[in-house]
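1. sequence plus the predicted model coming up.
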Amino acid sequence: IELINANKRKFETMPVLVVRGNNIYSITSEIDSLGIKLDFAKLYPEDGKVDISITEKRTHEFIIMKAIIFPAINLLWTGAFLIIIGSLIAIRKRIKQLGKN
């Protein structure tokens, strides 16, 4: 069986169908670079046809994160708190000024 991907690259594979007596066995064929498994699902001897199943192998994608310790993070938080405190003092002062007028 020849498979062609979206980039027009050709891949050849050969799934095997084994018939022993009245029993039918299928040996799966894999194309690792595409992540595809081919297998014979059913055989129809009266029509001379077969069903081929194509399954995609599950791949797990991982996200790798690197934690970097920022040495001046305490200085950053101190600055943020000072800005908040300064804003609250300015709001309080403005409210007092508006209340006198």
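-> Thanks, I have it.
2. any idea how far G35 is from the most centrally placed residue in the chain?
-> The chain has E61 as the residue nearest its centroid, 4.5 Å off, counting by CA atoms, centre = their mean. In this view, E61 and G35 are 12 Å apart by CB to CB, to the nearest Å. Just so you know, the C-beta spots here come from the backbone N, C-alpha and C atoms, and that holds for glycine as well.
3. all helices of the chain, in order?
-> For the chain, the helices defined by DSSP state H occupy 73-100.
4. now this protein, which segments are flagged as low pLDDT?
-> In the predicted model, the chain carries pLDDT under 70 at residues 59, 101.
5. show me where it has its strands.
-> 2-4, 10-12, 16-20, 23-27, 29-31, 36-44, 49-56 (DSSP state E).
6. so I1 touches I54, yeah?
-> No: assessed by CB atoms under 8 Å, I1 is found out of contact with I54, at 9.5 Å.
7. what's the overlap in contacts for these two?
-> Residues within reach of I1 and of I54 at once, by CB atoms under 8 Å, 6 or more residues apart in numbering, are L38.
8. reformat the strands of the chain as JSON lines; add mean neighbour count and distance to L88.
-> What follows is these, written out as JSON lines (neighbours: other CB atoms under 10 Å; distance: least, CB to CB, whole Å):
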{"stretch": "strand 2-4", "mean neighbour count": "10", "distance to L88": "67"}
{"stretch": "strand 10-12", "mean neighbour count": "10", "distance to L88": "67"}
{"stretch": "strand 16-20", "mean neighbour count": "10", "distance to L88": "77"}
{"stretch": "strand 23-27", "mean neighbour count": "12", "distance to L88": "74"}
{"stretch": "strand 29-31", "mean neighbour count": "16", "distance to L88": "65"}
{"stretch": "strand 36-44", "mean neighbour count": "15", "distance to L88": "63"}
{"stretch": "strand 49-56", "mean neighbour count": "12", "distance to L88": "58"}
